[in-house]
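Participant: Provide a 3D model corresponding to the input given below.
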Amino acid sequence: MKNKTLFIVLVVFFITTSNYCQGQGLFSACVNGKWGFIDTNGYTVIPCKYKGDYAGDFSEELARIKINDKWGFIDTNGNTVISCKYDEAGIFSKELACVKLNGKYGFIDKTGKEIIPCKYDEANDFFRGLSYVKLNNKWGFIDKTGKEIIPCKYDNALLISEGLVEVRLNGKWGYVDTNDNTVIPCKYDYLWDFSERLICVRLNGKWGLIDRVGNEITPCKYEDVLSFSEMFPCVELNDKRKTRNEIILYKYNVWKFSARFARIKLNGKWGLINETGKEIIPCKYDFISDPSEGFAHVISNGKLGFIDTTGKEVIPCKYRRVWGFSEGFAAIKLNGKWGFIDTNDNTVIPCKYKGVRDFSEGLAAIKLNGKWGFIDRNDNIIIPCKYKSVRNFSEGLARIKLKKKYGFIDKTGKEIIPCKYEWINDFSGGLAKIKLNDKYGFIDKTGEEVIPCKYDYAVSFPIMEFINLFRNSKWIAVMRPSLSLYAEAYVNNQINVWEQQREFEKTTEWQIRVNETTRKAMADKLFREAKQKYITYTVKQNITLSLNDYDTDNEIFLINTTNILDEQNIWKLHVPANRASYFKESWDSIEYSPKYVIENDRLSIDEMKFKLPNGEEYTYKYELF
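Facilitator: Model (predicted):
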């Protein structure tokens, strides 16, 4: 087999989503601290010859490069067209790039001409023809000619939709249009988009709703209002309403109910209103939960029941404790024991268990005599109660704890991953975080340690397709280590977004756009995108090469290769004895031209060309043993 180094994908933590250049398809690659560019087939187009800190991908025929901590741009032939003099530089978009010079921001064109002077304290890329800029600690908007469309006079400003800007002035929030005409006066403590038609506002510590031209729908009298829309949820954390900036930070800790209703709180009690402001359910409940499968549980006088999404109480408040509906069943507690009911309040599994978990993938965890096992929907014990703790089934596996160690079982109870780890997370995107001997790593579903347990800490972010690893007081970002795992995470995340009904999309249009045929076509398209992104991020990882001893008898240089994970290999490069001295002398001036291939589900270097200053070339190819 080939003796290949399988390079786990590593990227610098601050790198954002790569820009694939349509028609050019060039991606930056780094070898031995030198940057170059490869095409979509893994072949080098511009050799790795730039001694710099960073090179970005091409956008509009130009790519950013960073040399001696300054930024500039090169073209597709590797020629420097804009010299490296900027403190920061963004990518070109519609002929302009945002740059920072002497601590101030402006915009240049592709010749390097300063179209908008570098005079702003902060500036952002253009969106819908406008850039959000800061001058003298005030915010405004400029167009592509540099004209101030909205003067820099606001404490904060945010372009939220076509023609509408949210602004803060003297500590109060309102709306203006893109000509700086007042739409809603700056008089509210907080406000934000609440639904397609309404805005949630806070005034003098109370909450209400207004429409998009400022007409009052409900007066500011409520202690809290929770969102109509799942697209722009409100957030409540530690009993305090957060500002808009904090909402962005906490946007996944959401309270949401229905596109037709909002939850309101008055005098410590919760109720429901519709989008006209009419109270559908008076504020009488101690609590109204998020909906689950069309039902939300409510609390009244210490007892729990369920309402449907019209607000009708379909299951009376009579239970001591309940869980939300999952796969058609909800867990209930009566007389100190747990069982399950269906949506018609029929008892389908008697209340006889000490503990239960929701149904997931057809099975529910139950606790008997201090141990956990699993039952099916007919109350048959499928997996005996013998575990210290269990988690729900996900992706065909369930985490279990036995004798203070963690592992995974399948739905037959077979131990797929042995109970040997000090800690193990559920699988996400094909990987699970593990802890062994006080170090962290990751395993796949076969139990293989694809990232060994040698890191002080590790965090997985499925939505970004990356894993963050902490070692030697430093964080590094690691892409999922195989194409299939990366593609699975990428496709699933993107499909979930694509399947959502858009803000102004009719249901009939959504049903035409999202169906089995279009879903398959979209998945195929996204897999192709994932492959390009996988290649893009992989080749950004710097491969460190160091020249070792020369074997004169066999005319071979030994070259050590190392990546950030300390994975090492030795290459054997044939160089004639009469050229070995010159090769060694030229080592620091060599240009590198790698060729990449995807083999065994991973991206590897198939060959490496070494070009000396006099034009001589030597090629290393992986050997068969």
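Participant: all contacts plus neighbour counts: C-alpha atoms, from now on.
Facilitator: Noted.
Participant: run the chain-centre distance for the helix or strand harbouring residue 131.
Facilitator: Secondary structure assignment for residue 131, by DSSP states H and E: strand 131-135. From the chain centre to the centre of strand 131-135 is a distance of 27 Å (CA atoms, centre = their mean, to the nearest Å).
Participant: what pairs with that strand, and is each one parallel or antiparallel?
Facilitator: Strand pairing for strand 131-135, using DSSP bridges, gives strand 122-123 (antiparallel), strand 138-142 (antiparallel).
Participant: which of those sits closest to residue 406?
Facilitator: Ranking these by their distance to residue 406 (criterion: CA to CA) puts strand 122-123 first, at 49.3 Å.
Participant: what about the closest one, average pLDDT?
Facilitator: Averaged across strand 122-123, pLDDT comes to 93.
Participant: and the strand holding residue 131, C-alpha only, in PDB?
Facilitator: The C-alpha atoms that make up strand 131-135 are tabulated as PDB, following Å, rounded to 0.1, in the frame of the first residue of the first chain:
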ATOM      1  CA  SER A 131     -22.100  49.900   3.700                       C
ATOM      2  CA  TYR A 132     -22.500  50.300   7.400                       C
ATOM      3  CA  VAL A 133     -19.800  52.700   8.600                       C
ATOM      4  CA  LYS A 134     -18.700  54.400  11.900                       C
ATOM      5  CA  LEU A 135     -17.200  57.900  12.100                       C
END
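Participant: who's in contact with that strand?
Facilitator: With contact meaning CA atoms under 8 Å, 6 or more residues apart in numbering, strand 131-135 is reached by 119-126, 139-144, 152, 157-158.
Participant: again, only this time at 10 Å
Facilitator: In this structure, residues lying in contact with strand 131-135 by CA atoms under 10 Å, 6 or more residues apart in numbering are 98, 104-106, 119-126, 139-144, 146, 148-159.
Participant: flag every buried residue along that strand.
Facilitator: By neighbour count on 16 or more other CA atoms under 10 Å, the buried set for strand 131-135 is 131, 132, 133, 134, 135.
Participant: now the residues you listed in a markdown table, with pLDDT and distance to residue 279?
Facilitator: Formatted as a markdown table, the entries for these read as follows, by pLDDT from 0 to 100; distance: CA to CA, whole Å:
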| residue | pLDDT | distance to residue 279 |
| --- | --- | --- |
| 131 | 90 | 42 |
| 132 | 89 | 40 |
| 133 | 94 | 42 |
| 134 | 94 | 43 |
| 135 | 95 | 46 |
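Participant: with distance to residue 349 added, can I get these in JSON lines?
Facilitator: Written out in JSON lines, the entries for those read as follows (distance: CA to CA, whole Å):
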{"residue": "131", "distance to residue 349": "60"}
{"residue": "132", "distance to residue 349": "58"}
{"residue": "133", "distance to residue 349": "61"}
{"residue": "134", "distance to residue 349": "62"}
{"residue": "135", "distance to residue 349": "66"}
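Participant: residue 350: which of those residues is nearest?
Facilitator: Among the buried residues of strand 131-135, and counting by CA to CA, the member closest to residue 350 is residue 132, at 60.3 Å.
Participant: which ones are touching the nearest residue to residue 576 once chain neighbours are set aside?
Facilitator: Take residue 576 and drop its neighbours on the chain: the residue closest to it by CA to CA, 6 or more residues apart in numbering is residue 555, 5.5 Å away. By CA under 10 Å, 6+ apart, the contact set of residue 555 is 572, 573, 574, 575, 576, 577, 578, 579, 580.
Participant: pLDDT value on the last one, please?
Facilitator: Okay, so that is residue 580. Reported pLDDT at residue 580 in the predicted model: 94.
Participant: then the first one?
Facilitator: The predicted local distance difference test score for residue 572 is 90.
Participant: swap in the fourth one?
Facilitator: According to the per-residue confidence, residue 575 scores 94 in pLDDT.
Participant: that one: what's it in contact with?
Facilitator: Applying CA under 10 Å, 6+ apart to residue 575 gives the contacts 550, 551, 552, 554, 555, 556, 557, 581, 583, 617, 618, 619.
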